[in-house]
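Participant: what follows is a predicted protein model with its sequence.
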Amino acid sequence: MPLLEVNDLTTYFHTRDGVVRAVEGVSFSLERGETLGIVGESGSGKSVTCYSLMRLIPEPPGRIERGTAMFEGHDLLQMSQKELRKVRGNGIGMIFQDPMTSLNPYLRISTQLIEALQTHRDIDKKAALHKAIEALEEVGIPGASKRVFSYPHEFSGGMRQRVMIAMALITEPALLIADEPTTALDVTVQAQIMDIIKQRQNDLGTAVILVTHDLGVVAGSCDKVLVMYGGREMESGSVEQIFYRPRHPYTRSLQKTIPSLQTKGQELYTIPGLPPDVSKPIHGCAFFPRCPYPKTDKAEGASPELEEIEPGHCWSACGFCDSSTPIESVLAKAGEVAEDGVPASAGEPA
């Protein structure tokens, strides 16, 4: 049985301006010790997916419309708040994206670190403080025995992010959800933090969900990849399948934007157009208006269904575009990008 199995997760926000379909029918599974990378542009539903699993969506206006999230045999989406409190910070740890707003400015770091230990473990305050200092040392906080008594405002942004990571790992959770965990850190520290997380996986069999924009981090750290766009699942599979045998036009376009793969001296490739407005119903393929591939005769229809190409490799089987050729060939054939930023081959929305 997988540690976590998510099926048809759907989360909407009911606002005065309409219904925002933030996450639409997302499914995936995760074994112990595995790392799942969730990638996509800003607004694609990556963070909302993770917050939905933790039931941290503000209700109202948010609401989990349907789906299941089985964690160690129990559905997270059906748990009571009392049951959830036993899971959050214990079975599941989370590294939030913004440490500026995730740490309580009125409490010392020591208080915030040992709270989870004293809540979920039978441990006295002295032993908990010792473990908190060890956790700070592990994530590279210098002078941890003194800095542990500091307040959040006495740390830099990068240091606050490390504190958040220490807080998430201190209870040795079975699942770690990391929402952009290395955003405020330089490349060297990024590598150190990812090594710490990887070491925890090796020692304890911790599973990790890694939300990131950095495809390089995904390639080097993840076992599986889930590509999201417009709140929907575009493609999923192993790292090898997604990076070496991508099928969906969006996955291919996203990979084309990796700076290290660009030809030196040439303008960096960017996906033309803007992400979809998820406050309006999306008919057909969400990526259709921005897709650089030649359009087929099928210009409209229902949302594409997920289709398994090979074992473990699924894609949103879009019949609106001809995606049978590599994206390099498509861009070369289409010529230079038009002045308005839309490729000559791009059509109107479905």
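Facilitator: Sure, I can see it.

Participant: contacts and neighbour counts: CA atoms only from here.
Facilitator: Fine.

Participant: just the strands in this structure please.
Facilitator: Under the criterion DSSP state E, the chain contains strands at 4-15, 18-30, 35-39, 62-71, 74-75, 92-95, 175-179, 207-211, 224-229, 232-238, 306-310, 313-316.

Participant: to Glu267, which of those lies closest?
Facilitator: Glu267 lies closest to strand 35-39 among the strands of the chain, at 23.3 Å (Cα to Cα).

Participant: mind listing what Pro45 touches?
Facilitator: Quick fix: residue 45 is Gly, not Pro. For Gly45, the contacting residues are 22-23, 228-232, by Cα atoms under 8 Å, 6 or more residues apart in numbering.

Participant: for it, which non-adjacent residue is spatially closest?
Facilitator: Among residues not flanking Gly45 along the chain, Gly231 sits closest, at 4.6 Å (Cα to Cα, 6 or more residues apart in numbering).

Participant: please report how far that neighbour lies from Met194.
Facilitator: Distance of Gly231 to Met194, given as Cα to Cα, to the nearest Å: 27 Å.

Participant: those two: which is more packed in?
Facilitator: For Gly231 versus Met194, neighbours defined as other Cα atoms under 10 Å are more numerous around Gly231 (26 against 16).

Participant: so how far is Ser253 from the more buried one?
Facilitator: 17 Å.

Participant: then Leu204?
Facilitator: Leu204 is 36 Å from Ser253, by Cα to Cα.

Participant: which one's more surrounded, those two?
Facilitator: Remark: of Leu204 and Ser253, Ser253 carries more neighbours, 20 against 14, as counted by other Cα under 10 Å.

Participant: as a markdown table, the strands of the chain with mean pLDDT and mean neighbour count would be great.
Facilitator: What follows is the strands of the chain, written out as a markdown table (pLDDT from 0 to 100; neighbours: other Cα atoms under 10 Å):
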| stretch | mean pLDDT | mean neighbour count |
| --- | --- | --- |
| strand 4-15 | 93 | 20 |
| strand 18-30 | 91 | 19 |
| strand 35-39 | 93 | 25 |
| strand 62-71 | 92 | 19 |
| strand 74-75 | 92 | 14 |
| strand 92-95 | 88 | 24 |
| strand 175-179 | 90 | 25 |
| strand 207-211 | 92 | 25 |
| strand 224-229 | 93 | 24 |
| strand 232-238 | 92 | 25 |
| strand 306-310 | 85 | 13 |
| strand 313-316 | 88 | 22 |
